[in-house]
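In: What would the 3D arrangement of this be:
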Amino acid sequence: MDWSKEFIESRIKAGGIDIPVGRAFFIESKPKDMSDVTHVCLDVLTKTNFDILILSLSGSPKNFLINYKRERLDTSKILLIDCSQKKANDPDIAQIFYADNISSLSSILEKTDAVVKLNGVKFILLDSVDLFLNKHNPQECVGFLSNLIAKMKTNGVNIFLLVTTDGNNQKEKNEIILLCDNVIAL
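Out: Below is the predicted model of the structure:
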């Protein structure tokens, strides 16, 4: 690992997370470090007084919550939208939401906007821009992220886009960087 928790924490705080004002962070790391980077970001964000919404394509949201709790993160502040499978909301786990149509980026955007407004969310973490680019049409994904970032900035919500340095979809990643206020390269 070429970076430290303190480095990420200082870069995120320098970007202005203490008072969410609608900034977009592009955080790029090696694929092998992505899990650790996600954990550090969540560790920093859960120490604020605001809820965090994770948009995830990378696994079971229920397992995420179990793992985050095991890692001693304050899971009471974490909400998740599962963008990988369509299910009805689970009444036993109020923190997990499902998009009505996971193949439609506009449906994911609508669900995100609704959850943010309903819960007063001030941070969004998209845990894998790469998976979104691979699952959906890359150019449509750039449009989706452009709309998401614009909408969240208008609502004073900070958004964190986690991206790998794997070299895939570089053209689209370069376009996404232009939408962001802060770039953190690890």
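In: just the helices in this protein please.
Out: Secondary structure of the chain by DSSP state H: the helices cover 5-14, 34-46, 61-70, 105-119, 129-135, 138-154, 170-179.
In: Distance check, residue 108 against residue 82.
Out: Counting by Cβ to Cβ, to the nearest Å, the separation of residue 108 from residue 82 is 10 Å. Placement of C-beta: from N, CA and C, glycine included.
In: Could you name every residue contacting both of these two?
Out: residue 99 (Cβ atoms under 8 Å, 6 or more residues apart in numbering).
In: re the thing from before, turn the helices of the chain into a markdown table, columns for mean pLDDT.
Out: Output for these, formatted as a markdown table (pLDDT from 0 to 100):
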| stretch | mean pLDDT |
| --- | --- |
| helix 5-14 | 72 |
| helix 34-46 | 87 |
| helix 61-70 | 83 |
| helix 105-119 | 93 |
| helix 129-135 | 90 |
| helix 138-154 | 95 |
| helix 170-179 | 94 |
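In: Which one of those lies nearest to residue 52?
Out: With Cβ to Cβ as the criterion, residue 52 lies closest to helix 34-46 of the helices of the chain, at 4.9 Å.
In: what sits up against that closest one?
Out: With Cβ under 8 Å, 6+ apart, helix 34-46 has contacts from 1, 5, 8-9, 12-13, 17, 27, 29, 52, 54, 68, 71, 73-74, 77-78, 123, 125, 127-128, 160, 162, 164, 186.
In: and the direction of it versus that of helix 5-14, what angle?
Out: Angle, helix 34-46 to helix 5-14, by axes from the mean of the first three to the mean of the last three Cα atoms, to 10 degrees: 50 degrees.
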